Structures are given as structure tokens and as C-alpha cells.
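Colleague: Predicted model and sequence follow; I will ask about them next.
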Amino acid sequence: MVRHQPLQYYEPQLCLSCLTGIYGCRWKRYQRSHDDTTPWERLWFLLLTFTFGLTLTWLYFWWEVHNDYDEFNWYLYNRMGYWSDWSVPILMTTAAAFTYIAGLLVLALCHIAVGQQMNLHWLHKMGLVVILVSTVVAMSAVAQLWKDEWEVLLISLQGTAPFLHVGALAAITALSWIVAGQFARAERSSSQVAILCIFFAMVFAFYLAPLTISSPCIMEKKDLGPKPALIGHRGAPMLAPEHTLMSFRKALEQKLYGLQADVTISLDGVPFLMHDTTLRRTTNVEEEFPELARRPASMLNWTILQRLNAGQWFLKTDPFWTASSLSPSDHREAQNQSICSLAELLELAKGNATLLLNLRDPPREHPYRGSFLNVTLEALLRSGFPQHQVMWLPNRQRPFVRKVAPGFQQTSGSKEAAASLRRGHIQRLNLRYTQVSRQELRDYASWNLSVNLYTVNAPWLFSLLWCAGVPSVTSDNSHTLSQVPSPLWIMRSAMAWRFPMSSLYVQTTAMTRMPTALPPLRTTEGVAAAPRLSQTGVGVSRTLFVPACTCTWRPGDPRERAEACLDLECSGSWLHGLLVGSGPRQPWPPLKGTPLSHEAQPGQNSSLAEAPAGLGPLLGSLGPRAWSSPGGLPLHPDLEALMARCWAMWQLRMWMSTCVHPPFYAEVADFFGVSCLEGLGWASAPSSCSSHQSQSTRRFSPRRKSAVVETLLPDQPPTTTGPASGEGLSHVPRNSWRWPGE
């Protein structure tokens with residue numbers, strides 16, 4: 001009977017197949033390669049990295065400006081003529097694009113980590129270009145049409161910079177392992193220097209970043225001022241239709257400091273509340289009076305205005321995504337709201353809140369064009385509303401207003417010098433939150449000028465302004481901000497430096513504990529790639545786990561703990577000798593007590609350690625294809641996986657063990673880990689190990705360097721051993737390999 005045995009077994013590599021398949025549609029083993037990535041693909045990787053940074057900035061920007069989503073929708077409404085919420089679809093699209101780009105970047109970094117050649121699929125390249133162009137166009141459009149909003153990005157960094165800094169340090173610490181791999185694989189010293197310089201320049205920049213972080217919330221808690229007073233913007237527009245009695249009543253239920261309202265005047269001289277020029281957005285005028293839909297609201301009589309519904313639009317368009325949270329009774333009430341007059345608001349708020357009033361000028365042809373201010377003042381004075389509870393914002397005819405209503409709080413909507421404002425008898429300022437700095441707030445406070453900022457909806461922004469000492473803010477989201485008990489975070493100045501210092505410790509620890517080189521790389525044939533050797537000798541390799549050492553300890557001397565730890569590192573030199581070197585591919589039979597060696601780094605002492613006889617059963621258990629030539633080809637997949645799995649355990653024991661010289665089995669157990677040995681079926685120490693319990697590591701001078709080849713190939717002629725400078729196994733002829741017993 002003839003048995004057919006497969007010549008080669010391919011170990012399943014599902015993770016690697018998914019990695020290369022998703023990134024470059026290379027699902028088969030023969031499609032993968034460990035060759036260097038082409039310059040063209042490197043360019044695509046740089047473009048991918050740039051796109052990732054750009055989409056991350058755009059996503060961060062669009063997430064932080066959610067405070068002004070209503071303003072953005074209002075801007076588009078004025079441009080297009082109809083209301084629609086564009087903010088959330090843009091945010092979702094941006095998040096999807098960023099997730100896609102981030103996934104591609106992670107796959108590319110994984111290619112680098114495992115030594116695979118990058119080959120981005122053409123479909124991914126098309127998607128990358130589309131996302132890059134779309135992001136650039138979107139950012140350019142915002143820069144031209146909504147350029148003031150970029151200031152929000154800088155303001156938001158005052159609240160998020162400390163946490164972004166910690167995240168960036170964590171990311172660069174994780175990337176240090178990939179950088180170390182590229183450093184180990186680099187064949188030129190210039191490439192290594194360039195990699196290190198670029199990486200450490202980035203690290204240095206990140207660790208100096210706290211010097212640029214300035215946040216009002218980096219302060220002592222005892223220095224925190226009182227909570228800013230809240231003014232309901234058009235009432236409570238997230239809980240009810242804006243500028244309706246229901247909206248103002250909801251705001252008063254929250255016990256707010258004040259209410260903001262926009263006052264216009266009807267064709268027959270009745271002041272009422274309306275923000276828009278027309279009635280199309282907030283009423284059903286297109287259904288009731290289609291011919292009047294595009295006319296200014298102030299050009300209609302109050303009798304017609306009272307017939308319009310001012311609440312159905314809120315339930316239909318749901319401008320703040322809050323209509324679904326209304327109770328059934330609130331839903332019915334909102335559906336039946338009508339336009340609110342100024343007299344109704346004054347009656348509701350009398351004695352309960354301060355009013356911040358802004359007047360909307362009527363058209364030129366309006367009959368009350370020249371007297372609408374007098375009509376509004378008359379309505380205020382006739383209602384008996386306390387004058388000290390009115391913040392008067394219109395800048396027109398201020399001397400006359402001060403004479404008629406001296407108790408009004410004169411409020412300016414323009415930013416001017418404090419001295420000029422005081423000369424104009426201004427007591428308050430009403431500014432956008434991007435228009436004033438912390439220093440200006442302090443300057444205005446020194447002149448006894450109170451500043452109100454609008455429109456503040458996000459808790460992070462409210463917290464930031466609270467830390468900055470802002471007296472009051474106008475908000476659409478007053479029901480949420482009124483429940484904020486304290487700023488989201490306050491950091492002491494000393495704590496601000498603990499974040500980077502802790503990260504510096506983690507970074508330093510990671511770099512010092514980092515292996516000096518990488519494990520052998522697996523090729524497409526399922527075997528290990530040969531180590532890359534330097535020009536100076538056999539033993540200097542950049543792809544080995546076990547670092548070079550001099551084995552200077554003396555067994556039996558427990559006081560020399562540091563030197564004993566070095567010996568624990570050297571106890572793996574018998575395995576190191578198997579992996580070091582170069583030479584032609586030849587089968588390496590299972591070894592039984594063959595003395596092995598480890599070549600030291602240039603300029604250091606060489607060490608020679610015999611592989612104990614007990615190593616034979618372990619090597620033999622790995623099968624006839626376990627070992628190759630001293631060049632390390634092929635390395636048995638089981639041993640390669642074993643080393644990768646047990647490296648962390650060995651590192652831990654190397655730094656934390658008591659480092660007392662053990663018998664051979666204990667040495668191997670310390671190197672591999674007992675669980676790893678049990679996985680190979682070697683659960684107990686062989687009896688042949690007992691003769692090696694007292695054996696110690698011997699020391700040799702640099703003159704014994706040439707003994708490396710004589711030890712590995714005892715039957716070789718002296719001419720093939722190479723000089724002491726390190727010239728060695730790479731010069732052994734292919735047909736001159738002989739082994740003991742041949």
C-alpha cells in the first residue's frame with residue numbers, strides 16, 4: 001500500500017486573510033507578500049493619513065457646533081425658502097465617512113505591524129478620493145458662508161483640549177510599537193535615524209502641548225463664581241412652539257431669570273411677538289391665506305393674525321427633535337397655540353421674570369414706521385410691568401427712552417469699549433458667545449457692566465462660560481441647563497500637568513520594555529523569513545526576541561541580583577544560537593545535546609552555553625521539520641507561535657523573578673512558561689536534566705568568537721569558521737553540510 005503524505009501543510013491564517021482581503025482584496029495566500037511596499041502605495045497611505053486627519057477635524061467641528069444647529073438651519077431657510085433640518089444628516093454622513101477612513105487606516109497600520117505589503121484596492125481608492133474632495137468642499141463652504149462658526153472650534157478646545165491631549169498620548173504610545181518594528185526592519189542607519197527623529201519630534205510636541213492649553217476650567221474650585229442666570233430664548237422653544245404663551249409659561253415653570261422676545265407691530269398698531277419677517281415658518285398662513293404667505297407679518301391686521309395657528313408647525317417639523325417627548329396634554333396644547341401679543345406676555349411675566357426685548361423694524365410703507373417705538377413703550381408703561389425688570393435692547397432714541405422710562409436696564413447689542421458704554425449710560429451688553437474673551441469679561445466687570453451671551457444650548461459651552469465668570473446666558477435649552485449643578489469638569493492647575501507626566505511615564509515604560517527586535521516573519525509558503533543580518537557578523541540580528549547579553553553572573557551568589565537577572569536573560573542563549581546566523585537552506589535534524597552558542601554584540605564579550613541533553617525530547621517532539629540551517633530557515637511554525645505566545649511571560653519573569661540559578665527544566669520553564677511546555681506535551685522535567693543542575697554558564701573572551709561555527713558545525717573544516725571579526729556561516733558552501741552520525 002502506498003501512502004501519500006502532503007509535502008507541505010499550510011497553517012490557517014484567517015485573521016491575516018481578512019486583513020489583506022478587506023484592505024486590498026487579497027484573500028488567497030499566494031496573493032500576499034512581505035516585500036517592501038511600493039512608493040505608489042506609500043503615497044496612498046500618506047493620502048489616507050491626511051484624509052483621516054481632515055475628516056477627524058470636520059467631524060469634531062460638526063459635533064461641537066451642535067450648539068448652533070438651529071442657527072445653521074435658519075441660515076439655510078433664508079437661502080432656500082423652506083425649513084428643513086440639515087444638521088443631523090450632515091453629522092451622520094460625516095460620522096460614516098470618518099468611520100470608513102479610520103477603518104482603512106487601522107487596516108493599513110496592521111499591515112505595517114505584521115510586515116505585509118500594502119496594496120489598497122481601487123474601490124477604496126475611489127472612496128478615499130470622494131471623501132477627501134467632499135470634505136474639502138464642505139469645509140471651504142463653511143469658511144465662506146459661516147466663517148464665524150470656526151471660532152467655535154477654538155472655544156471648544158478650551159473645554160476638550162486636556163482630554164484630547166490624553167487621547168493623543170495614548171494613541172502615540174500605542175503607535176510606538178509599530179514605530180519600533182519599522183526601526184528594527186530598517187536596513188540603513190539613515191532610515192533608522194529618520195524614523196526615530198520623526199517619532200520623537202512628535203512625542204516631544206505632544207508633551208509640550210499642555211503649554212498651549214488655556215481653559216477657564218483649570219482653576220481652584222473655591223474660585224468658581226456663581227452659576228450664570230438663564231434667560232429663555234423666545235420662551236422654551238424646545239418644549240413648546242416659540243413665541244407662544246405655552247412657550248413662555250414653560251420657561252417660567254423652570255424659574256428662569258428672564259425671557260427674551262422679539263417684538264413687531266401689526267398693520268393696525270398692535271405689538272405682537274414674531275422673530276421671522278414672514279409667517280411661513282411658524283404659522284399655517286399658506287393654508288389659511290395663501291395669497292398673504294409671502295407678505296411681511298407686520299403688514300397684516302391683528303384680526304387676521306389671531307386666526308392663524310402657531311403650533312402645528314412645531315409638531316410637524318420638530319426643529320429640536322423634542323416633540324416626541326411631549327406628554328399627550330402638552331401635545332394637544334401645542335397644536336392649538338396662536339400668535340402671542342406683547343400685552344399677553346407682560347401679563348404673564350409681571351413680577352415673575354425679567355424681559356429682554358428686541359424690536360423688529362416694520363417696512364418703510366408701514367403706517368407705524370416712525371412711531372412703533374412709542375407704541376411699544378406705551379404698551380409697556382400701560383401694563384404696569386416693573387421698569388427695572390425690562391432690559392431695553394433697541395439702540396434707537398435711547399435719550400428719549402431713558403427720559404420716559406428711567407428704570408429700564410439699557411442694554412447694548414454692539415461690542416464697544418467699556419468707557420464709551422458707560423458714557424452712554426449702558427448697563428448691560430447682549431453679545432454672541434464668540435464675541436467676547438475672558439479678559440474682556442473682566443474688563444467689563446471692572447466697569448460694572450453685566451454681559452449676557454447668546455445662544456448657549458450645549459452643557460459643555462455653558463460649563464465653560466460658567467468657569468469664565470459670565471453673569472447670564474440666553475438659551476433654547478434652558479430646561480437642561482437649569483439642571484446642571486456644576487461645571488462638567490474643573491481641574492486644578494497642578495492636576496493639569498499630571499496627565500502628560502503620567503503619559504510620559506507610560507511612554508517611557510513602554511519604550512524601555514519594548515523588545516529590541518521583532519519575531520521572524522512568516523512568508524507566503526508558511527515558513528519563517530530569514531533574519532536580516534548586519535555587515536559585522538553572524539550574531540547581530542534585528543529580528544530576534546532574545547537580546548544580547550554577556551552572562552557575567554556567578555551562580556550561587558544571590559546578592560548579585562542584577563547580574564543574576566542578566567543570566568536569566570542569557571539562559572535562552574541556546575535558543576538564540578539556533579536563530580542567529582545565515583547560510584544556505586539545509587534540513588536541521590532534531591538535536592540531542594549538541595552544544596549551541598550565542599554571538600554577542602560587537603565590542604562585548606561572547607558567551608557560550610551548552611544545550612543540555614534534556615533539550616532533545618523537546619526538540620524531537622516538534623517533528624522532523626522542526627529546525628533548519630543556522631540561518632533560521634525554515635523555523636517550525638509551532639516554535640514560532642510558542643515564542644510569540646510566551647514572550648510576554650518570559651519578559652515578566654525576567655524583570656520580577658528572584659533570579660536564582662535553577663535546574664535545566666526550571667530554566668526552560670522560566671523561558672517558555674510552564675503552561676507553554678505543557679501544551680507541547682513536556683509536562684515534567686526529563687531525568688537527564690539532573691546532571692545539569694549544578695552546571696553554570698561559562699565565560700569566554702572575544703578570542704573565542706570563531707568558536708561559534710566550530711560549535712554549531714563540529715565537522716566543518718577550519719577554513720569555513722571565519723575570523724574573529726564575525727565572518728562566519730554565510731561563507732559555508734551549500735554542499736559541505738555534514739552532521740554528526742552521517
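Modeller: Good, I have the coordinates. Numbers count the residues shown, from 1 in each chain.
Colleague: Break the chain into its domains for me.
Modeller: 14-212, 229-276+340-481, 522-736 (automatic domain parsing).
Colleague: start to end distance for the first one?
Modeller: With Cα to Cα, to the nearest Å applied, domain 14-212 spans 46 Å between its terminal residues.
Colleague: and it, average pLDDT?
Modeller: The average pLDDT for domain 14-212 rounds to 88.
Colleague: Count the residues that sit near G351.
Modeller: Residues lying near G351 (other Cβ atoms under 10 Å) number 8. All C-beta spots, glycine's among them, are computed from the backbone N, C-alpha and C.
Colleague: helices or strands up against the longest helix along the chain?
Modeller: Determined from DSSP state H, the single longest helix within the chain is helix 150-185. In terms of contacts (3 or more Cβ pairs under 8 Å, 6 or more residues apart in numbering; DSSP states H and E), helix 150-185 is packed against helix 39-64, helix 87-114, helix 189-208, helix 459-468, helix 493-513.
Colleague: Out of those helices, which gets nearest to L245?
Modeller: helix 459-468 (26.5 Å; Cβ to Cβ).
Colleague: Contacts made by that closest one with the rest, please.
Modeller: 67, 155-156, 158-160, 215-217, 219, 224-225, 227-228, 433, 438, 441, 453, 456, 473, 475, 480-481, 484, 487-490 (Cβ atoms under 8 Å, 6 or more residues apart in numbering).
Colleague: Sheet-wise, list the partners of the helix or strand that it is followed by with their directions.
Modeller: Once the chain leaves helix 459-468, the next helix or strand it forms, by DSSP states H and E, is strand 472-475. Partners of strand 472-475 in the sheet, by DSSP bridges, are strand 229-233 (parallel), strand 450-454 (parallel).
Colleague: what would those look like in JSON lines with mean pLDDT?
Modeller: Shown next, in JSON lines, are the strands paired with strand 472-475 (pLDDT from 0 to 100):
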{"stretch": "strand 229-233", "mean pLDDT": "97"}
{"stretch": "strand 450-454", "mean pLDDT": "96"}
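Colleague: Give me whichever of those strands is most buried.
Modeller: strand 229-233 (a mean of 25; mean count of other Cβ atoms under 10 Å).
Colleague: Does anything pack onto the strand ranked longest in the chain? Which helices or strands?
Modeller: For the chain, the longest strand by residue count, based on DSSP state E, is strand 258-265. Applying 3+ Cβ pairs under 8 Å, 6+ apart, we find strand 258-265 packed against strand 229-233, helix 245-253, strand 271-273, helix 342-349, strand 354-359, helix 372-383.
Colleague: on that earlier part again, of the contacts of helix 459-468, just the buried ones, PyMOL syntax please.
Modeller: Buried residues among these (16 or more other Cβ atoms under 10 Å), as a PyMOL selection:
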select buried, resi 67+155+156+158+159+160+215+216+217+219+224+227+228+433+438+441+453+456+473+475+481+487+489+490
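Colleague: what's the neighbour count on the nearest residue to A97 once chain neighbours are set aside?
Modeller: Leaving out its chain neighbours, the residue that sits closest to A97 by Cβ to Cβ, 6 or more residues apart in numbering is I131, at 4.8 Å. I131 has 23 neighbouring residues, counting by other Cβ under 10 Å.
Colleague: Tell me which other helices or strands whichever strand or helix holds I131 touches.
Modeller: Element membership for I131 (DSSP H and E) is helix 122-145. For helix 122-145, the packing partners by 3+ Cβ pairs under 8 Å, 6+ apart come out as helix 39-64, helix 87-114.
Colleague: Out of those helices, which is closest to L169?
Modeller: Closest among those, using Cβ to Cβ: helix 39-64, at 16.2 Å.
Colleague: Partner strands of the longest strand of the chain, with direction?
Modeller: In the sheet, strand 258-265 lines up with strand 229-233 (parallel), strand 271-273 (antiparallel), strand 354-359 (parallel) (DSSP bridges).
Colleague: what's the average pLDDT for it?
Modeller: For strand 258-265, mean pLDDT rounds to 97.
Colleague: what angle sits between that strand and helix 245-253?
Modeller: Interaxial angle, strand 258-265 versus helix 245-253 (axes from the mean of the first three to the mean of the last three Cα atoms, to 10 degrees): 160 degrees.
Colleague: Please list the residues outside strand 258-265 that contact it.
Modeller: Counting by Cβ under 8 Å, 6+ apart, 229-235, 243, 248, 251-252, 271-275, 297-298, 342, 345, 349, 353-360, 362, 366, 368, 372, 375-376, 389, 391, 454, 472, 474 sit against strand 258-265.
Colleague: Does anything pack onto the particular helix or strand that has S17 in it? Which helices or strands?
Modeller: Per DSSP H and E, S17 falls inside helix 14-24. Secondary-structure packing of helix 14-24 (3+ Cβ pairs under 8 Å, 6+ apart): helix 87-114.
Colleague: can you pull the buried residues of the helix it packs on?
Modeller: 87, 91, 94, 97-98, 100-101, 104-105, 107-112, 114.
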